[in-house]
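Colleague: Sharing a model prediction with you, sequence too.
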Protein chains: 2
Amino acid sequence: MEILMKPIGYIKSPYKEKGEAPRQSTLSGETTAVIEILEEYQEGIADIQEGEYGVILFYFHKSEGYKLMTLSRRNNQVMGVFSTRSPNRPNGIGLSTVRFVKREGNRLFFEGVDMLDNTPVLDIKPYIDPAAVAD
Amino acid sequence: MEILMKPIGYIKSPYKEKGEAPRQSTLSGETTAVIEILEEYQEGIADIQEGEYGVILFYFHKSEGYKLMTLSRRNNQVMGVFSTRSPNRPNGIGLSTVRFVKREGNRLFFEGVDMLDNTPVLDIKPYIDPAAVAD
């Protein structure tokens, strides 16, 4: 079974090369970046509000191949890849929780960037705090 | 640009048809389900611990096509798809936060199931609470 995906847009990020981006989006502070949504999908972001949190799913376009056991940068141990956020994973999907600060036409400005410039965006989802929902 | 993905495993769920699954994984309480990881990827789950939370990314295999404006089941309003968790989205990726309760070989038992039976799994990631990291 093969599943085909297409970018819905691309990230414009200040980080141009591997090693420049922070380890996690929450470590990037108030650095802002932009998602440029392709015109055909622009209507889908119409209800994203300024100040709101969201989840961006993206494609690790600079990663080649994967390792099932890999060094976790969180605890400096070699771990199974599915316990890590390594970019070298069987399907190269990245996930970042970000805060949207502005929407201008097809451009979504956000804080919490840990993606490289020109990263293809696969999806955007509302952030739902599991603890809050369970309450 | 086209991106090709392959399942790393499949969900065995008590929900067989659309409409049976709860709206969100956190609403499914203690119902358990299983991820059966394909043998070639099994090493990657070696460090997933019982009791730990994780994020499952999966493919909405029963969804056909997408709508950019869609009814949000969260607030019963028509909204841009990227403000909803609709299964009818440009790339059919679903995201659920779950709690792993047991690991047996290639089988991961979890609570928080909102996926249909035989759903293809694309990725598993550690759950990282953004608020906790920011502290």
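Modeller: Nice, I can see it. Residues are numbered from 1 along each chain as shown, chains lettered A, B, ... in the order given.

Colleague: how about the lengthiest strand in chain A: buried residues?
Modeller: Ordering each strand of chain A by length in residues (DSSP state E) puts strand A:93-104 first. Across strand A:93-104, burial judged by 16 or more other CB atoms under 10 Å in any protein chain shown covers A:I93, A:G94, A:L95, A:S96, A:T97, A:V98, A:R99, A:F100, A:R103. C-beta coordinates here come from the backbone N, C-alpha and C atoms, glycine included.

Colleague: Kindly report the same for stretch A:82-93.
Modeller: So for stretch A:82-93, counting by 16+ other CB under 10 Å, buried means A:F82, A:S83, A:T84, A:R85, A:S86, A:P87, A:R89, A:P90, A:N91, A:G92, A:I93.

Colleague: What average pLDDT does it get?
Modeller: The average pLDDT within stretch A:82-93 is 96.

Colleague: What's the end-to-end length of it?
Modeller: 12 Å (CA to CA, to the nearest Å).

Colleague: Is any residue of it near chain B?
Modeller: Yes - using CB under 8 Å from any CB of the partner chain, stretch A:82-93 reaches chain B at A:F82, A:S83, A:T84, A:R85, A:R89, A:P90, A:N91, A:I93.

Colleague: Now do that stretch: distance to the chain's middle.
Modeller: Distance of stretch A:82-93 from the chain centroid (CA atoms, centre = their mean, to the nearest Å) equals 12 Å.

Colleague: So what touches that stretch?
Modeller: A:23-24, A:57-67, A:70-74, A:81, A:94-95, A:122, B:5-6, B:8, B:41, B:44-48, B:54, B:57, B:93, B:122-126, B:128 (CB atoms under 8 Å, 6 or more residues apart in numbering or on different chains).

Colleague: Return the list of helices and strands in contact with the helix or strand hosting A:T70.
Modeller: Using DSSP states H and E, A:T70 sits within strand A:69-71. Packed against strand A:69-71 by the contact rule (3 or more CB pairs under 8 Å, 6 or more residues apart in numbering or on different chains; DSSP states H and E) you find strand A:78-80.

Colleague: any idea how far A:E2 lies from B:F58?
Modeller: Relative to B:F58, A:E2 is positioned 15 Å away (CB to CB, to the nearest Å).

Colleague: Relative to A:D114, how far out is A:E20?
Modeller: For A:E20 relative to A:D114 (CB to CB), the value is 10 Å.

Colleague: neighbour count winner among those two?
Modeller: A:D114 (23 against 11; other CB atoms under 10 Å in any protein chain shown).

Colleague: I'd guessed that one sits against A:T31; true?
Modeller: No - applying CB atoms under 8 Å, one finds A:D114 not in contact with A:T31, separated by 9.3 Å.

Colleague: A:L38 contacts A:I8, correct?
Modeller: Yes - with contact defined as CB under 8 Å, A:L38 and A:I8 form a contacting pair (6.1 Å).

Colleague: okay, these two: which has more neighbours?
Modeller: Applying other CB under 10 Å to A:L38 and A:I8 shows that A:I8 carries more neighbours, namely 25 against 14.

Colleague: What residues does that one make contact with?
Modeller: A:I37, A:L38, A:Y41, A:G44, A:V121, A:L122, A:D123, A:I124, B:P90, B:N91.

Colleague: Please repeat the previous calculation with a cut-off of 10 Å.
Modeller: Taking CB atoms under 10 Å, 6 or more residues apart in numbering or on different chains, we find A:I8 in contact with A:35, A:37-38, A:40-42, A:44-45, A:57-58, A:120-124, B:81-82, B:89-91.

Colleague: what does A:M69 give?
Modeller: A:V78, A:M79, A:G80, A:V81, A:T84, A:S86, B:E43, B:G44, B:A46, B:D47.

Colleague: which residues in chain A form strands?
Modeller: Counting by DSSP E, the strands of chain A are A:3-5, A:9-12, A:32-37, A:53-59, A:69-71, A:78-80, A:93-104, A:107-111, A:120-126.

Colleague: okay, those strands in JSON lines with distance to B:L108 next?
Modeller: Listed next are those as JSON lines, based on distance: least, CB to CB, whole Å:
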{"stretch": "strand A:3-5", "distance to B:L108": "21"}
{"stretch": "strand A:9-12", "distance to B:L108": "31"}
{"stretch": "strand A:32-37", "distance to B:L108": "32"}
{"stretch": "strand A:53-59", "distance to B:L108": "21"}
{"stretch": "strand A:69-71", "distance to B:L108": "17"}
{"stretch": "strand A:78-80", "distance to B:L108": "11"}
{"stretch": "strand A:93-104", "distance to B:L108": "18"}
{"stretch": "strand A:107-111", "distance to B:L108": "32"}
{"stretch": "strand A:120-126", "distance to B:L108": "22"}
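
Colleague: Sounds good, over and out.
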